[in-house]
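J.: Mind looking at a prediction? Sequence and model below.
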Amino acid sequence: MFKKLFGKGEEAAKTIEIKAPISGRYIELSDIPDPVFAQEMMGKGFGIEPTEGTVVAPIDGEIVNVFPTKHAIGLKAANGLELLLHIGLETVAMNGEGFTTHVKAGDRVTTGDKLLEFDIELIKQKAASTISPVIITNSDVIDNFEVIQNGNLQKGATTVLKIDVN
């Protein structure tokens, strides 16, 4: 109440666009060859079959988690939406080999900021798949989930999803 009364602090937008964090081909969540992701056990989202090994911020927000194995990063938008960027499938077993992080928990990022680099060829050799899920881990806050673009995605540029939160 006081924030509105005195004009301090803007309320976060309820609608957010999620850009592609990785360049590559859009994959429907149900087509990801891992039931945890495909059956939306972790939340709604999509996958990307990467064509290059750079991950950028798909939203403006805060880094809430960089997994010790460097294969996944959690972000949170100002409106509370939480995203998990999971590079490849079964990549946790690589124990960080082939991954280089450029952020840490607590960092604020803007859409397009470099978060992580990974070695696609090493993932092909050592993990189940290079397909990288992008998951909304608090999908219960979603009012509307709209796929804007599928097909070929350009990191930091292609708007993939438009989400309205409650």
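T.: Sure thing, it's come through.

J.: Pick out the least confidently modelled helix or strand of this protein, by mean pLDDT.
T.: helix 2-6 (a mean of 45; mean pLDDT, DSSP states H and E).

J.: Just the C-alphas of the very next helix or strand once past that helix, formatted as CSV.
T.: If you walk from helix 2-6 toward the C-terminus, the next helix or strand you reach (DSSP states H and E) is strand 15-19. Listed in CSV are the C-alpha atoms of strand 15-19, where the atom choice follows Å, rounded to 0.1, in the frame of the first residue of the first chain:
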residue,chain,number,x,y,z
THR,A,15,3.3,-10.9,-18.8
ILE,A,16,6.8,-12.0,-19.7
GLU,A,17,8.4,-13.1,-22.9
ILE,A,18,10.9,-15.9,-22.7
LYS,A,19,13.7,-15.7,-25.4
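
J.: Go through strand 15-19 and flag the buried ones.
T.: Along strand 15-19, the positions that meet the burial threshold by neighbour count (16 or more other CB atoms under 10 Å) are 16, 18-19. Placement of C-beta: from N, CA and C, glycine included.

J.: Now find how far off-centre that strand is within its chain.
T.: The chain centroid and the centroid of strand 15-19 are separated by 11 Å, computed with CA atoms, centre = their mean, to the nearest Å.

J.: Distance across stretch 114-122, terminal residue to terminal residue?
T.: Stretch 114-122 has an end-to-end distance of 20 Å (CA to CA, to the nearest Å).

J.: Quick one: mean pLDDT for that stretch?
T.: Model confidence over stretch 114-122 averages 98 on the pLDDT scale.

J.: What of stretch 78-86?
T.: Summarised as a single mean, pLDDT over stretch 78-86 is 97.

J.: go on, stretch 143-156?
T.: Per-residue confidence for stretch 143-156 averages out to 96 on the pLDDT scale.

J.: quick revisit: can you tell me which of the buried residues of strand 15-19 lies nearest to N166?
T.: I16 (12.5 Å; CB to CB).
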